[in-house]
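*Asks:* Fold the stuff below for me.
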Amino acid sequence: MKTIEDLGDLAGQRVLVRSDLNVPIKDEVIGDDGRIRASLPTLVKLAKAGAKVIVTAHLGRPKGEPNPKYTLAPVAKRLGELLQPEGITVRFASDVTGDAAQTAVQDLDEGEVLLLENVRYDPREESKDEAERGALADELAALADVFVSDGFGVVHRKQASVYDVARKLPHAAGGLVLAEVDVLKKLTEDPARPYVVVLGGAKVSDKLAVIDNLIAKADKLLIGGGMVFTFLKAQGHEVGKSLLEDDQLDVVRGYLEDAGDKIVLPTDIVVAPEFKADSPATVVAADAIPADQLGLDIGPESGKAFAAEVAAARTVFWNGPMGVFEMAAFAGGTKAVAQALTEVDGLSVVGGGDSAAAVRQLGFADDAFGHISTGGGASLEYLEGKELPGLAVLEED
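*Replies:* Model prediction:
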């Protein structure tokens, strides 16, 4: 996989960068700028090399048409604030590859950064038709001389700005993509042991392939979040009104039978009568959830037990919160796991998505962990053993 250095002297060159700037925005206010900050090192490196840096990225799901709710304008503003100390100017084009984008590229000076409008405003970006994606990729390629793929959160997508454009320009992987892949190799090829995987989130079905692939590699698999209730039900326990995937019970029973004590489940659960922040919370045994209650977090004893397993590990991968961390009453389990990850003597990886949002919301600094991934979905698919199109194309000549 080529690096930026392999592209040669980039001074005066137009460099198209696919970044992942898909951040939460409400009323034009960015809730978590982690992905923007993660994109900075590559952009700074290119700008300092004298390149004319053109960034393409997406935000949300605008369904192939312009929608003010999903404009990247607030992201451009924040990017400008973050790059100002480096003396780098950030400009914004109000379309993807149209007149505004073309004019902005023509006016771009060496060492400046231009962010194009949300690439998903164009329906061809996510089209299943190769010719349609190729047409958009041609327009993007016409804006640049070389392409740098640095949006790890989208490398599992076969999309025009990720996959097709890389086939039309000299290309390389950006620093963020290289760092993410390096970490994932450490998790899958020869992890330091003990190796602990912590899985949470809502659905077992979202994590089946990961469990399949990692159950033989990991020493312990800790299960929390909404998905745990399918495991408890598979053991024959009452789960009340908790989230449950009945169609996965047989699969989960198979995991429990095959994995033995590798799979660690919570022994207590925080329950409440309703999914509300002010719903009265109580702690019950995991095998005694009342029929009129729903589980919203692992309990305090389970939090301690999970934390002990994590803190004793040399390699930890965590994907998915242990409970509804957005509500204070149900954030204890997630906070316990996060704190334990900061104490790992080895590699600790927060697997993107809700896990990354959780640690920041709970007040943990990014550098408290070995690595916070910018791509939850991409990380999971890599760990499932799938080929990621956006990485595979970078390996082509």
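*Asks:* Now do the helices in the stretch 151-300 of the chain.
*Replies:* 175-188, 208-214, 228-234, 249-259, 300-311 (DSSP state H, counting those that start in this stretch).
*Asks:* Can you lay out those as JSON lines showing mean pLDDT?
*Replies:* Formatted as JSON lines, those follow (pLDDT from 0 to 100):
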{"stretch": "helix 175-188", "mean pLDDT": "94"}
{"stretch": "helix 208-214", "mean pLDDT": "87"}
{"stretch": "helix 228-234", "mean pLDDT": "96"}
{"stretch": "helix 249-259", "mean pLDDT": "93"}
{"stretch": "helix 300-311", "mean pLDDT": "97"}
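*Asks:* So which of those is nearest Lys2?
*Replies:* Taking CB to CB, helix 175-188 is the member of the helices of the stretch 151-300 of the chain nearest to Lys2, at 10.2 Å. C-beta coordinates here come from the backbone N, C-alpha and C atoms, glycine included.
*Asks:* The closest one packs against which elements?
*Replies:* On a contact count with 3 or more CB pairs under 8 Å, 6 or more residues apart in numbering; DSSP states H and E, helix 175-188 meets helix 34-48, strand 315-319, strand 347-350, helix 376-383.
*Asks:* For whichever helix or strand comes after the shortest one, name the packing helices and strands.
*Replies:* Proceeding N to C from strand 347-350, the next assigned helix or strand is helix 353-361, under DSSP states H and E. Using 3+ CB pairs under 8 Å, 6+ apart as the contact test, the elements touching helix 353-361 are strand 315-319, helix 332-341, helix 376-383.
*Asks:* quick one on the thing from earlier: would you point to the one among the helices and strands packed on helix 175-188 that's packed deepest?
*Replies:* Of the helices and strands packed on helix 175-188, the one with the most neighbours on average (mean count of other CB atoms under 10 Å) is strand 315-319, at a mean of 28.
*Asks:* okay, the angle between it and helix 175-188?
*Replies:* Relative orientation of strand 315-319 versus helix 175-188 (axes from the mean of the first three to the mean of the last three CA atoms, to 10 degrees): 110 degrees.
*Asks:* pLDDT of strand 315-319, averaged?
*Replies:* For strand 315-319, mean pLDDT rounds to 95.
*Asks:* now the helices and strands packed on helix 175-188 in CSV, with distance to Leu79?
*Replies:* Shown next, in CSV, are the helices and strands packed on helix 175-188 (distance: least, CB to CB, whole Å):
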stretch, distance to Leu79
helix 34-48, 6
strand 315-319, 27
strand 347-350, 23
helix 376-383, 22
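*Asks:* got the end-to-end distance for stretch 295-303?
*Replies:* Length of stretch 295-303, first residue to last, CA to CA, to the nearest Å: 14 Å.
*Asks:* Next, the buried residues of that stretch.
*Replies:* 295-299, 302-303 (16 or more other CB atoms under 10 Å).
*Asks:* ditto for stretch 384-397
*Replies:* 384, 388-391, 393-394.
*Asks:* With stretch 48-55 instead?
*Replies:* Residues of stretch 48-55 classed as buried by neighbour count (16+ other CB under 10 Å): 49, 51-55.
*Asks:* farthest-separated two in those residues?
*Replies:* Every pair in those was compared (CB to CB); the two farthest apart turn out to be Ala49 and Val55, at 15.2 Å.
*Asks:* any weak-confidence spans in this structure?
*Replies:* Residues of the chain meeting the criterion pLDDT under 70: none.
*Asks:* Check the burial of Asp27 by counting its neighbours.
*Replies:* Look at Asp27: counted by other CB atoms under 10 Å, it has 5 neighbours.
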